[in-house]
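Chemist: got a predicted structure here, sequence first:
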Amino acid sequence: MNRIDLANSIFEKLQAQKSQLQADFKTENRHIRFGFVDDLLPEAVAQEIAAVFPKPEAMVLKKSLREDKYIAAQMNLYHPLLEEIIYAFQDPRIVALIGEVCGIENPIPDENLYAGGISLMGQNQFLNPHLDNSHDKDRNLWRVLNLLYYVTPDWQEAYGGNLELWPNGLSQSPITIHSKFNRLAIMETHSHSLHSVSPVVFDGYRCCVSNYYFSEKPLLAEDTFHVTSFRGRPENKWADLLLQADTFLRMGIRKVFKKGIKENPHVYKKDQ
């Protein structure tokens, strides 16, 4: 299937689930609004997407105190179906529909895949609690939505690798969203949308297709510019202190150098 075929199927599913998604995003007591859609694509198509995911050694390993995962954004290096499914989520009909569902005016998809693309997490890998970077790669637009499509067949919640939302900070237990096969999770991002991925405790790989939508204005009036800002998990107090210091230093650099001191490698360079 090409991106148009995929977009047609996704759009049809989202339309069918529109009322439920809207109800999810209008829940007033949620400090981080979110929703998800199961069985997004026909199972055979989702299975094929999973089957063509690259092996870890063909991706970029990001390993530090902040995170441990494999990522890829240079999509011309991989099976064409992966690029097609990523850009299917950028179809204007889908972008407009998700914007309507989430109450966001004129969301803008990211053709550069800044921090997007595909990711893979295996046993003992993790993503610590963090706030996503507030802007796009050129620091012109505000990041407002994460779209996370999970494609690992038979992935059980007990395996870990699940999305965690911390609406009340690290002092309370997170909301866990199972990274279930063929599930699309949508969450808003702003200066309070602390989230993480739980450590994988299974001898296997959790695969995810990621897209991010931006906007000319932030979701919250109090939102300000920030780099990706990590915290330690509640049980890791020393890691939390170190990660807060790390964020402070990186913010200091970005106050001087608007776009950072080196080219961001996590974008799709289409001329390569």
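Modeler: Ah, there it is. Values in this document were obtained by computation on a predicted structure and should not be read as measured data.
Chemist: what ranges do the strands span in the stretch 151-272 of the chain?
Modeler: Under the criterion DSSP state E, counting those that start in this stretch, strands of the stretch 151-272 of the chain are mapped to 163-165, 175-177, 183-188, 195-197, 206-215, 229-230.
Chemist: so what strands line up beside the second one?
Modeler: Here strand 175-177 has these sheet partners by DSSP bridges: strand 163-165 (antiparallel).
Chemist: check contacts around E111.
Modeler: Y87, Q90, Y268 (Cβ atoms under 8 Å, 6 or more residues apart in numbering). Any C-beta I mention is one placed from the backbone N, CA and C, and that applies to glycine too.
Chemist: tell me the spatial nearest neighbour of the last one, not counting adjacent residues.
Modeler: Which is Y268. Leaving out its chain neighbours, the residue that sits closest to Y268 by Cβ to Cβ, 6 or more residues apart in numbering is L113, at 4.3 Å.
Chemist: the strands of the stretch 151-272 of the chain: which one's closest to M59?
Modeler: strand 206-215 (10.5 Å; Cβ to Cβ).
Chemist: residues near the spatially closest residue to V227 that is not a sequence neighbour, how many?
Modeler: For V227, ignoring the flanking residues on the chain, the nearest one in space by Cβ to Cβ, 6+ apart is R250 at 4.9 Å. Using other Cβ atoms under 10 Å, R250 has 16 neighbouring residues.
Chemist: in terms of pLDDT, where does R250 sit?
Modeler: Looking at R250, its pLDDT is 91.
Chemist: do the same with the one 5 residues further on
Modeler: The predicted structure scores K255 at 76 on the pLDDT scale.
Chemist: please report how far it lies from L243.
Modeler: 19 Å (Cβ to Cβ, to the nearest Å).
Chemist: the more surrounded of those two?
Modeler: L243 (21 against 9).
Chemist: spit out the contact partners of the more buried one.
Modeler: With contact taken as Cβ under 8 Å, 6+ apart, L243 is in contact with L65, R66, N128, F230, R231, G232.
Chemist: reformat those residues as a markdown table; add distance to E157.
Modeler: As requested, the contacts of L243 are exported to a markdown table (distance: Cβ to Cβ, whole Å):
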| residue | distance to E157 |
| --- | --- |
| L65 | 26 |
| R66 | 24 |
| N128 | 20 |
| F230 | 24 |
| R231 | 23 |
| G232 | 23 |
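Chemist: which one of those residues sits closest to K13?
Modeler: Closest approach to K13 among these (Cβ to Cβ): N128, at 32.0 Å.
Chemist: adjacent strands (with direction) for the helix or strand containing the closest one?
Modeler: Here N128, judged by DSSP states H and E, is contained in strand 126-131. The strands beside strand 126-131 in its sheet (DSSP bridges) come out as strand 67-72 (antiparallel), strand 195-197 (antiparallel), strand 229-230 (antiparallel).
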